[in-house]
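J.: Sequence plus predicted model, see below.
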2 protein chains.
Amino acid sequence: MQIIEGGVTASVGFSANGVACGIKKRKKDLALVVSEVSCAFAGSFTTNLVKAAPVIWDQNLVANQSQVKAIVINSGNANACTAEQGYKDTEATAGIAGSVLGCKAQEVLVCSTGVIGVPLPMDKIKEGIELCSKELGASRESAGEAALAICTTDTFKKEVAVSVQIEGKTVHIGGMAKGSGMIHPNMATMLSFITTDANLDKVTLQTLLGSSITDTYNMISVDGDTSTNDTVLVLANGMSKTTSLSPSHPDWEAFTEAFMYVHTELAKTIVRDGEGAGKFLEVKVVGAKDKATAQKLARSVITSNLVKTAFFGSDANWGRILCAMGYSGAAFDPSQLNLYFTSSKGTIQVVENGVPLAFDEHLAKGILMEKEIITLAQLKDGKGEGTAWGCDLSYEYVRINGDYRS
Amino acid sequence: MQIIEGGVTASVGFSANGVACGIKKRKKDLALVVSEVSCAFAGSFTTNLVKAAPVIWDQNLVANQSQVKAIVINSGNANACTAEQGYKDTEATAGIAGSVLGCKAQEVLVCSTGVIGVPLPMDKIKEGIELCSKELGASRESAGEAALAICTTDTFKKEVAVSVQIEGKTVHIGGMAKGSGMIHPNMATMLSFITTDANLDKVTLQTLLGSSITDTYNMISVDGDTSTNDTVLVLANGMSKTTSLSPSHPDWEAFTEAFMYVHTELAKTIVRDGEGAGKFLEVKVVGAKDKATAQKLARSVITSNLVKTAFFGSDANWGRILCAMGYSGAAFDPSQLNLYFTSSKGTIQVVENGVPLAFDEHLAKGILMEKEIITLAQLKDGKGEGTAWGCDLSYEYVRINGDYRS
């Protein structure tokens, strides 16, 4: 696997663009991702009972359509809690994009993100799609325009691309995503779009995506709030011209490794840009009874407000970590726990066999003042491992979210 | 039922005191609550897998002892994550108190709250118990000293007392509690102590306490973190000289109403003093399928960081409330939801049948600028009702918790 420059246009046969159509005051707010040819596709969606209209539209397509050609995404308006009109607006959005791009509405996936409960301004959406489609391009820059246009409170665009050799041919996987509040395990206000020129059928792709979600997007948390619009979509157009990929293919492992890498990097980038985030936190649990237990423990720690504020204050507050593991609902033996903090400044062990060590507070502070910190919780219950990613809880988070709608 | 002045000494036959013994730098940190005669007792404890030593001690007493005489509480040190030595220290604490008070160690309940992972300074504990026992009193002031000594980051002491007529005799219930971080459904760093001169057997008292917890302490949240030390203890010494109270007693309802009132008020007082809390929030869900569903929905809303920061910013962000209900895991029909905000400045409806109303933003802001706000979510799924209490998430919360251990 090779990490390459680019985003959704890194895969052969995909073009993209992003424009400003006036949903937001000034910034770009509408993006298109289009494939030259029909694509196998897969989607994963919010578990929130309150689902935005485009989520319902996309879920219907995943259930009933075999192929799609494009995705249209608007930011600035989530089209959530907009009742029947919201669904009609999503359908109309797909219809407009379809007629502009020369395909059926049912071949266009739709995503929205932004303010909840405000009707989608359909005149602007229409103008935006028309404008956007005029300058669709396959360049690095075109992907960047799209990645910018899907942002809300994100402070930077999020893209990643890789290539991998399959049957001696180069297969590409490219992606873009947006955060950055309401980020929590089980899909958050998070949109992620992956293109690939790999050759996979729809069922294989959906199965692969399902298993990828568990270890990537579902292991990140900014604030514990799961949004109404979370969506991950993957389009595979087969233009790399390999034979069909499946678990029995000799290069399957190479492909899935690359596929996981793209999702993992996008997920991690989302928390790096979490609202008000000053630090990037990784919590790794090893030696748990099984993987599910390890992941549950890691998620509980990364979600704890008290843990997050302690990291904000560069405080080696191992007690809060142990406490968050304790109320996770996962079974483990606390009396066997070893706990370590690591950053570029070094590693320090703070707990051994469940009991605090007398550690060098000055060294600990130095390690925790860094921008990227790994917490390792080592258990002796089995071989289960799990990693979660998150960020600290800062004054800035409160400021951003105390004043969002205004 | 009559609300009266006082705390744990409001009940006949109870004395108390609180002193400073040096666990904290300056403030009071050790309290005793003592009954003249042996008491029936009941306890409810943290669900955290990581339990502090005194929690284990008290759970053993609840399981194996029929009566107790006293409670000793220290603040400044939680005696949690202190391994075997921690349990020995708790046992020794009970032994010291027992020998000073003239009873067995097994008749003394022990609670600790404060920093995790630091051995209990037993010399100070011993001095503190001896000093504290010298000035035990049944006065209003003595109860106040005890209520002060159990505080950690609490900004005020928390006491409540009521009297109720049983068989024409006056029965008292008095209580004190401490918060104020790690407060979350399922018991939090929260200690609550109730005395009563009512005549109840141990089994009846434990059953009554169990059912009270669900609607009181388990419905409050400051930050979603469940601590290692949470404990509610009730001592009933029977000195009111009524016949034994039980569900078949004609005045049972009057007694349980008073009992619930004391727990509810203590629970609400805890969130009023939540770390960094500027506003007191009540979330009431009515018309849910059943009570458990209503409580689950109310708890999810009160726990959401995004909802809490919106209230901090006096933002009528009904979308976040609907979103938090949506990811609660409870079943409801969002398309039937009506949502209202109420404060001393009036009431405003912001959602009707799941769709936002065009409301007067100026009026909404006026209502939400107040210090006490009620959110009413009205469903049409059934007759289930539930109420949760919490507080906003402020800069001050981040400041307090970013800098706790130091």
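T.: Yep, it's here.
J.: Beta-bridge partners for the closest residue to A:Phe14 other than its chain neighbours, please?
T.: Once flanking residues are discounted, A:Phe14 sits nearest to A:Thr195: 4.6 Å by C-beta to C-beta, 6 or more residues apart in numbering or on different chains. Where C-beta positions appear, they are placed from N, C-alpha and C, glycine not excepted. For A:Thr195, the beta-bridge partners are A:Gly174, A:Leu235 (DSSP bridges).
J.: Run through the residues that contact A:Thr195.
T.: By C-beta atoms under 8 Å, 6 or more residues apart in numbering or on different chains, A:Thr195 lies in contact with A:8-11, A:14, A:33, A:35, A:172-175, A:234-237.
J.: Ok, A:Thr93 next?
T.: A:Thr93 neighbours (C-beta under 8 Å, 6+ apart): A:54, A:72, A:74, A:108, A:110, A:120, A:122, A:125, A:129.
J.: how far away is the last one from A:Gln85?
T.: Counting by C-beta to C-beta, to the nearest Å, the gap between A:Ile129 and A:Gln85 amounts to 19 Å.
J.: Give me the buried subset of the contacts of A:Thr93.
T.: A:54, A:72, A:74, A:108, A:110, A:120, A:125, A:129 (16 or more other C-beta atoms under 10 Å in any protein chain shown).
J.: my guess is the fourth one meets A:Val68, correct?
T.: Yes: the pair A:Val108 / A:Val68 is scored as a contact, 6.7 Å apart, by C-beta atoms under 8 Å.
J.: ok but A:Gln349 is inside a strand, no?
T.: Yes: counting by DSSP: H, G, I helix; E, B strand; the rest coil, A:Gln349 is found in a strand.
J.: Quick check: closest non-adjacent residue to it.
T.: Per C-beta to C-beta, 6+ apart, closest to A:Gln349 is A:Tyr340, 5.0 Å.
J.: Tell me the secondary structure at the spatially most central residue of chain A.
T.: Closest to where the C-alpha atoms of chain A average out (C-alpha atoms, centre = their mean) is A:Ala267, at 4.1 Å. When classified by three-state DSSP, A:Ala267 comes out as helix.
J.: In the sheet, which residues pair with the nearest residue to A:Glu265 once chain neighbours are set aside? Tell me.
T.: Once flanking residues are discounted, A:Glu265 sits nearest to A:Val160: 4.4 Å by C-beta to C-beta, 6+ apart. When assigned by DSSP bridges, A:Val160 has beta-bridge partners A:Gly175.
J.: Any idea which helix or strand in chain A has the lowest mean pLDDT?
T.: Here the helix or strand of chain A ranked lowest by mean pLDDT, DSSP states H and E is helix A:395-402, holding a mean of 74.
J.: Flag the shaky bits of chain A, pLDDT-wise.
T.: Within chain A, the ranges that satisfy pLDDT under 70 run A:180-189, A:222-226, A:401, A:403-406.
J.: In it, where's the longest strand?
T.: The longest strand of chain A (DSSP state E) is strand A:30-45.
J.: immediately after that strand, which helix or strand?
T.: Under the assignment DSSP states H and E, the closest C-terminal helix or strand after strand A:30-45 is helix A:53-64.
J.: Neighbours of A:Lys69, how many?
T.: A:Lys69 has 23 neighbouring residues, counting by other C-beta atoms under 10 Å in any protein chain shown.
J.: okay but it is in contact with A:Ala40, surely?
T.: No: look at A:Lys69 against A:Ala40 with C-beta under 8 Å: they stay out of range, at 11.5 Å.
J.: Helices of the stretch 151-300 of chain A, residue ranges please.
T.: Assigned by DSSP state H, counting those that start in this stretch, the stretch 151-300 of chain A shows helices spanning A:202-215, A:252-272, A:291-303.
J.: Just want the angle from the first one to helix A:53-64.
T.: Helix A:202-215 and helix A:53-64 are oriented at 130 degrees to each other (axes from the mean of the first three to the mean of the last three C-alpha atoms, to 10 degrees).
J.: returning to what we had before: ok now do the residue nearest to A:Glu265, which residues does it touch?
T.: A:3, A:7, A:174-175, A:261-262, A:265-266, A:269 are the contacts of A:Val160 under C-beta under 8 Å, 6+ apart.
J.: gap between it and chain B?
T.: Noted for A:Val160: a distance of 27 Å to chain B, by C-beta to the nearest C-beta, to the nearest Å.
J.: So that residue versus A:Ala143, what's the distance?
T.: With C-beta to C-beta as the criterion, A:Val160 and A:Ala143 are 11 Å apart.
J.: Go ahead and measure how far the helix or strand hosting A:Glu91 is from the middle of the chain.
T.: In this structure, A:Glu91 sits in helix A:83-101 according to DSSP H and E. Taking C-alpha atoms, centre = their mean, to the nearest Å, the mean C-alpha location of helix A:83-101 is offset from the chain mean by 25 Å.
J.: try stretch A:378-396
T.: Using C-alpha atoms, centre = their mean, the offset of stretch A:378-396 from its chain centre is 17 Å.
J.: can that stretch be found next to chain B?
T.: Yes: for stretch A:378-396 and chain B, the contact criterion (C-beta under 8 Å from any C-beta of the partner chain) is met by A:393-395.
J.: quick revisit: quick one, which of the helices of the stretch 151-300 of chain A is packed in tightest?
T.: Across the helices of the stretch 151-300 of chain A, the average number of neighbours (mean count of other C-beta atoms under 10 Å in any protein chain shown) peaks for helix A:291-303, which reaches a mean of 24.
J.: Contacts made by it with the rest, please.
T.: A:184-185, A:214-215, A:219-221, A:224, A:281, A:283-286, A:288, A:307-308, A:321, A:324-325, A:327-332, A:375, A:377, A:381-382, A:384-390, B:224.
J.: give the contact list for A:Thr387.
T.: So A:Thr387 contacts A:215, A:219, A:282-285, A:298 (C-beta under 8 Å, 6+ apart).
J.: 10 Å instead?
T.: A:Thr387 makes contacts with A:215-216, A:219, A:264, A:268, A:282-286, A:294-295, A:298-299, A:302, A:374, A:376, as judged by C-beta atoms under 10 Å, 6 or more residues apart in numbering or on different chains.
J.: Confirm that it sits in a strand.
T.: Yes: judged by three-state DSSP, A:Thr387 forms part of a strand.
J.: Got the phi and psi for A:Gly66?
T.: For the record, residue A:66 is Ser, not Gly. Backbone torsions for A:Ser66, taken as degrees, to the nearest 10, come to phi -90, psi -30.
J.: still on that earlier bit, for the residues of stretch A:378-396 next to chain B, pick the one with the most neighbours.
T.: A:Leu393 (33 neighbours).
J.: so who does the closest residue to chain B within the stretch 101-250 of chain A touch?
T.: With C-beta to the nearest C-beta as the measure, A:Ile116 is the residue of the stretch 101-250 of chain A nearest to chain B, at 3.1 Å. Contacts for A:Ile116 were tallied using C-beta under 10 Å, 6+ apart; they are A:50, A:52, A:77-82, A:189, A:227-229, A:405, B:317-320, B:322-323, B:356.
J.: number of nearby residues for A:Phe312?
T.: By other C-beta under 10 Å, neighbour count at A:Phe312 equals 25.
J.: C-alpha coordinates for stretch A:142-160, CSV please?
T.: Extracted C-alpha coordinates of stretch A:142-160, given in CSV (Å, rounded to 0.1, in the frame of the first residue of the first chain):
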residue,chain,number,x,y,z
SER,A,142,-11.2,19.5,-7.8
ALA,A,143,-11.3,16.9,-5.0
GLY,A,144,-10.1,19.7,-2.6
GLU,A,145,-12.9,22.0,-3.6
ALA,A,146,-15.4,19.2,-2.8
ALA,A,147,-13.7,18.5,0.5
LEU,A,148,-14.0,22.2,1.4
ALA,A,149,-17.6,22.4,0.4
ILE,A,150,-18.7,19.7,2.8
CYS,A,151,-17.2,21.4,5.9
THR,A,152,-19.3,23.0,8.7
THR,A,153,-17.3,24.0,11.8
ASP,A,154,-14.3,22.0,10.5
THR,A,155,-11.2,24.1,10.6
PHE,A,156,-9.5,22.2,7.7
LYS,A,157,-10.5,19.9,4.9
LYS,A,158,-10.0,16.2,5.4
GLU,A,159,-8.7,14.0,2.6
VAL,A,160,-6.7,10.8,2.2
